[in-house]
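In: Sharing a model prediction with you, sequence too.
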Amino acid sequence: MIREYEERFNSNLIVFVGEITLESTTYFEELLHDVTPDQDLHLLIGSAGGDGETALRILRAAQSRSQEFVVIVPDWAKSAATLIALGAHKIAMGPMSDLGPIDPQFRVGDKLVAAKDIIAAVEQATEEVRASPETFPLHAALLGDVSAILVERARQGMGRTESQLREALHANPSRADEEVTELIGQLKEPLIEGAQSHAALFGQREAGRTKLPVDALDPKGQQWDSVWRLWTRYVAAGASAFGSPTVYEGRRVSHIVVKQS
């Protein structure tokens, strides 16, 4: 199906489904190993996010291997995955597609948790313990997986968010400085400051109201049909935007990474 897509739409196609982690760069580079920059590169991505710095590295690698870099979002491309989309020449989206807040996330236990949620939980617990010291054992148990180092990392990550937004937008080599500045002005509120939760919606309609290069795919068109049929195969096989197993796939390489519990 990947080969059929490439032939039909005259492009290289790679697929990434799962959490963006530090080791993602190695697997992603393997997908790009024999890709030359004389063709368009399409990335079909389904991800709840992960490490923002890794996302920027992936974005730079993809841009260096493509004539035009197109990010295809069949479902979710949140947080760090949104950073990758923001640096593309085009963001192909359908009715179900959704980007989201680019707040950093950290692993707490077996789940990814947004930095602002970690900070808010600790601050609320601190206030409640100050008011009622006898509640300390309860809050200590509820926040048992949250260390002081993690909280500091969450604060530092939040401080880097606007810089990451700027770096992602600048990764598109055809985007002028004035365009980057204008886009930051449009995107700061919905993607950084105004989002109340990590699940906040930023779909095709919302993205289309900005100057982002959104390509609204016709849900009855050939490209969306090809994308959706391919995407549902990964979902049926158990791949998840939220983590394990993580899939890195192209016409030559297929890696299925299962996180050990």
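Out: Structure's in. What do you need?

In: thinking residue 142 is in contact with residue 124, fair?
Out: No. Using CB atoms under 8 Å as the test, residue 142 is too far from residue 124 to be in contact (10.3 Å). In short, each C-beta sits where N, CA and C put it, glycine included.

In: ok now the host helix or strand of residue 83, how far from the chain's centre?
Out: Per DSSP states H and E, residue 83 falls inside helix 80-86. The chain centroid and the centroid of helix 80-86 are separated by 5 Å under CA atoms, centre = their mean, to the nearest Å.

In: What is that helix packed up against?
Out: Helix 80-86 sits against strand 40-46, helix 52-64, strand 69-73, strand 98-99, helix 148-170, with contacts defined as 3 or more CB pairs under 8 Å, 6 or more residues apart in numbering; DSSP states H and E.

In: I'd like to know which of the ones you listed lies nearest to residue 216.
Out: strand 69-73 (11.3 Å; CB to CB).

In: Tell me what angle that closest one forms with helix 52-64.
Out: With axes from the mean of the first three to the mean of the last three CA atoms, to 10 degrees defining the directions, strand 69-73 sits at 130 degrees from helix 52-64.

In: Paired strands for strand 69-73, with orientation please.
Out: strand 40-46 (parallel), strand 90-93 (parallel) (DSSP bridges).

In: re the thing from before, what does the helix holding residue 83 rub up against?
Out: With contact meaning CB atoms under 8 Å, 6 or more residues apart in numbering, helix 80-86 is reached by 20, 43, 45, 47-52, 54-56, 58-59, 62, 71, 73, 77, 91, 99-102, 104-105, 164-165, 168-169, 183, 187, 191, 202, 212.

In: try 7 Å
Out: 20, 45, 47, 49-52, 54-56, 58-59, 71, 73, 77, 91, 99-100, 102, 164, 168-169, 191 (CB atoms under 7 Å, 6 or more residues apart in numbering).

In: which parts of whichever strand or helix holds residue 127 are buried?
Out: Using DSSP H and E, the element containing residue 127 is helix 115-131. For helix 115-131, a neighbour-count test (16 or more other CB atoms under 10 Å) marks 115-119, 121-122, 125, 129 as buried.

In: Identify the farthest-apart pair in those residues.
Out: The widest separation within these (CB to CB) is 21.4 Å, between 115 and 129.

In: Report the contact partners of residue 15.
Out: Contacts for residue 15 (CB under 7 Å, 6+ apart) come out as 44, 247, 249.

In: swap in residue 77?
Out: Contacts of residue 77 were listed using CB under 7 Å, 6+ apart, and they are 45-47, 85, 99.
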